[in-house]
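A.B. asks: test case, fold it:
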Amino acid sequence: MEMTKTMWWVIGGAGVAGLGVGVYLFYKKRKDKKDISFTGIGNKGKPVKVIKGGSATPVAEPNWNAPFNMNYIKDVKKWLGGKRIKELSEAAAKKYALELKNAKGLFDDDEKAVERVFRSLQDKTQVASLSRAFYFHHGKKDMWQHLRSFLSDSEMKKLVKDPVRRLPNYRLV
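C.D. replies: Numbers count the residues shown, from 1 in each chain. Predicted coordinates:
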C-alpha cells in the first residue's frame, strides 16, 4: 500500500495533537504539585508564602484598624493562610444586630445596650460579623452610620471606638 500525501498529513496531524496533549498533561501535573510549604518573614519584615520549588509571594496584610468592614474576616483568613479563627455565630450576630437597631429610640436612646453589645465582643472579627449581620438583616444599612445617627462623638468614642480598639485582631481555634 502506497502512502498518499493525504495520509501523511493525517498521521502528522495526529502526532502533533498527541504531542500537544502530552505536553499539556505534563505541565498541568507539575502545576498541581505546587503546594505552600510554609509562611515566613521576608528580608524586609513582610510575610511571604514560600511554595515548593523556591518561589515566594508576598502576602498583603489586612487593615487591622477597619473591623467594621464586612470583608475584614476574609482579609484575616487570607492573611493567616488556612488557619481557622473563632467567629461570632450567625444567631449571636443577628441578636446583637437587633439590639443595636432597637437601641435607637424616638426620644431616648439606649446607650447601655450599645455598651453591652460592644463589651461582649471578644475580637475584631466578631465586630466584622456583627457589621455584616446588621447590614444584611436590617435594610442594607451600615451599622457605623446607624450608630452615628443617634450617638454623639463622645458617646461613639466611649461606647464603640475604645472597646473595639482594645480587642485583639482575631483568635485562633
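A.B. asks: all helices for the chain, in order.
C.D. replies: Per DSSP state H, the chain carries helices over the ranges 5-32, 72-80, 90-103, 111-120, 124-137, 143-148, 153-156, 162-165.
A.B. asks: for the fourth one, buried residues please.
C.D. replies: To tie it back to what came earlier, the one meant is helix 111-120. Judged by neighbour count (16 or more other Cβ atoms under 10 Å), helix 111-120 contains these buried residues: 113-115, 117-118. Using the backbone N, CA and C atoms, a C-beta is placed for each residue, glycine as well.
A.B. asks: could I get the residues you listed as TSV with pLDDT?
C.D. replies: Compiled in TSV, the buried residues of helix 111-120 are given as follows (pLDDT from 0 to 100):
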residue	pLDDT
113	94
114	94
115	95
117	95
118	95
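A.B. asks: what's around the closest residue to residue 164 other than its chain neighbours, how many residues?
C.D. replies: Among residues not flanking residue 164 along the chain, residue 127 sits closest, at 5.6 Å (Cβ to Cβ, 6 or more residues apart in numbering). Residues lying near residue 127 (other Cβ atoms under 10 Å) number 26.
A.B. asks: ok, residue 141 touching residue 133?
C.D. replies: No - contact criterion Cβ atoms under 8 Å: residue 141 and residue 133 do not qualify, at 11.9 Å.
A.B. asks: quick one, which of those two is more surrounded?
C.D. replies: Per other Cβ under 10 Å, whichever of residue 141 and residue 133 has more neighbours is residue 133, with 24 against 13.
A.B. asks: list the contacts of the more buried one.
C.D. replies: Residue 133 makes contacts with 90, 93-94, 96-97, as judged by Cβ atoms under 8 Å, 6 or more residues apart in numbering.
A.B. asks: change it to 10 Å
C.D. replies: Residues in contact with residue 133 (Cβ atoms under 10 Å, 6 or more residues apart in numbering) are 70, 88-98, 100, 143.
A.B. asks: cool, thanks, talk later.
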